[in-house]
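Participant: return a 3D structure for these sequence lines:
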Amino acid sequence: MQKAKFCPVSEKVSEGMSLQDLRQLIKGHWHLSTLEILKSLGASNFNRLYDISGLNPKTLTAVLRDLVGMGLVKRQVVSQHPLAVSYSITEKGIGIVSLDCPFITSSI
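Facilitator: Here you go, the predicted model:
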């Protein structure tokens with residue numbers, strides 16, 4: 001008899017992601033889309049993410065702030081003059097995107 005395959009959400013909670021952060025991530029479908037984009041692009045600046053995602057700047061800014069706050073995306077200031085910021089997905093973010101969990105990936 002084959003064992004049932006369960007969604008590994010509890011593993012993510014036990015790895016330090018709070019249940020509230022996980023709910024926010026699942027609820028905000030732009031969050032997962034942005035993680036997918038960053039996973040495929042690697043490090044990217046805001047304008048490139050804006051062009052590819054199709055989000056308005058206010059929404060993209062809010063999504064990036066949430067993802068940085070959850071530790072799924074790293075924000076790095078590259079230069080001060082002119083100001084240049086780079087965003088990249090973290091190992092924790094890659095783990096979330098690669099979850100084999102139907103109710104998470106269905107919102108992408």
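Participant: so L41 sits against S53, correct?
Facilitator: No - in this structure, L41 is not within contact of S53 by C-beta atoms under 8 Å, at 10.6 Å. No exception for glycine: its C-beta is placed from N, CA and C like everyone else's.
Participant: ok, these two, which is more surrounded?
Facilitator: Each of L41 and S53 has its neighbours counted (other C-beta atoms under 10 Å); S53 has more, 17 against 14.
Participant: for the helix or strand Y50 falls within, give the mean pLDDT please.
Facilitator: If you go by DSSP states H and E, Y50 is part of helix 46-53. Averaged across helix 46-53, the pLDDT comes to 94.
Participant: which SSE is immediately downstream of it?
Facilitator: helix 57-69.
Participant: hmm, who's touching that next one?
Facilitator: With C-beta atoms under 8 Å, 6 or more residues apart in numbering as the test, helix 57-69 has contacts from 21, 24, 28, 30-31, 34-35, 46, 49-50, 53, 55, 73-75, 87, 93.
Participant: hey, where'd the strands end up in this protein?
Facilitator: For the chain, the strands defined by DSSP state E occupy 44-45, 73-79, 84-89.
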